[in-house]
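*Asks:* sequence plus the predicted model coming up.
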Amino acid sequence: MIGTPVDIGRLTGVWRIDPAHSEVSFTVRHLMVRVRGGFTRFSGTITVEDEPDRSGVRAQVDTASVDTRNARRDEQVRGADFLDSESHPTASFESARVSRKDGRYVVEGQLTIRGEMRTVAFDLFLLGVDTDASGGTRAGFRAYSRISRSQFGVTGNVPLPGGRVLIGDTVTLEVEIEALKER
C-alpha cells in the first residue's frame, strides 16, 4: 500500500471525517474481473490517543448511497438479496482495538452489515498531515480489509455452469479518509 505506517503520537486528538474529501469503496469479482463501487454518504470520527490501544474509530455508511456507476446494478445492490437498504439503511464500524503489527497499525472492530456484526481488521496507513486554507489541521488515512460477504448475509448470486457463480464472495473494502482535527 502507498503511505507510511501511522505515527499515532503526532496525531493525538479527535478527527471528523470529511466526506467531501474522502472515499468509501469496495471491489468484488464479477465473472473474471473486479467491479468497483462505493458509497456517497458516510460519516465518522477518529479518536487518537497517546496509547494506540485507547484510540478508536466510529463510522456509518448510508447503504442506499451505493454507487457502482450502473443504475440497474445499484438498485440490485440496494435490494433484499444484497444490502437490503430498506430494512438496513446503515452499515457501521466501531473499533475495539488498535495495535501495532510489523511496523504498521491494525484497527480491529465490529463491522455491521444487514444487521450482522462480525469482527474485521483493517490495515491502516497515514497519508499525511497538513494545514488547510482555513488554518485547520487535516490528516489523510488509508485503510483496507477483505471480508466474506456471505458472512454478513449478503448472498445474492447467479449460478453458472460448472458450479461457478457470477459474483465472488470476497469483497475488498477500502477507505481513503481526509479528516479535520476538532480538538
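*Replies:* Now that the structure is in, tell me what you want to look at. The shown structure was predicted, so the numbers you read here are calculated from the model rather than taken from an experiment. Residues are numbered from 1 along each chain as shown.
*Asks:* dump stretch 135-151 to CSV, keeping only the CA atoms.
*Replies:* Output in CSV follows, covering the C-alpha atoms of stretch 135-151 (Å, rounded to 0.1, in the frame of the first residue of the first chain):
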residue,chain,number,x,y,z
GLY,A,135,-6.0,27.1,9.1
GLY,A,136,-7.5,23.7,10.1
THR,A,137,-5.4,20.6,10.6
ARG,A,138,-6.2,17.7,8.3
ALA,A,139,-4.9,14.2,8.2
GLY,A,140,-5.2,11.6,5.4
PHE,A,141,-5.6,7.9,6.2
ARG,A,142,-6.0,4.8,4.0
ALA,A,143,-7.3,1.5,5.4
TYR,A,144,-8.3,-1.7,3.7
SER,A,145,-9.7,-5.1,4.6
ARG,A,146,-11.1,-8.2,3.0
ILE,A,147,-14.4,-9.7,4.1
SER,A,148,-16.7,-12.6,3.1
ARG,A,149,-20.0,-11.0,2.0
SER,A,150,-21.9,-14.2,2.8
GLN,A,151,-20.9,-13.9,6.5
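*Asks:* for the closest residue to residue 50 other than its chain neighbours, the count of nearby residues, please.
*Replies:* Of all residues beyond its chain neighbours, the one nearest residue 50 is residue 12 (5.8 Å), with distances taken as Cβ to Cβ, 6 or more residues apart in numbering. Heads up, the C-betas are built off the backbone N, CA and C, glycines and all. For residue 12, the count of nearby residues is 13 (other Cβ atoms under 10 Å).
*Asks:* OK, contacts around residue 12?
*Replies:* Residue 12 sits next to 48-50 when contact means Cβ atoms under 8 Å, 6 or more residues apart in numbering.
*Asks:* top of those residues by neighbour count?
*Replies:* residue 48 (22 neighbours).
*Asks:* who's in contact with it?
*Replies:* Contacts of residue 48 by Cβ under 8 Å, 6+ apart are 8, 11-15, 55.
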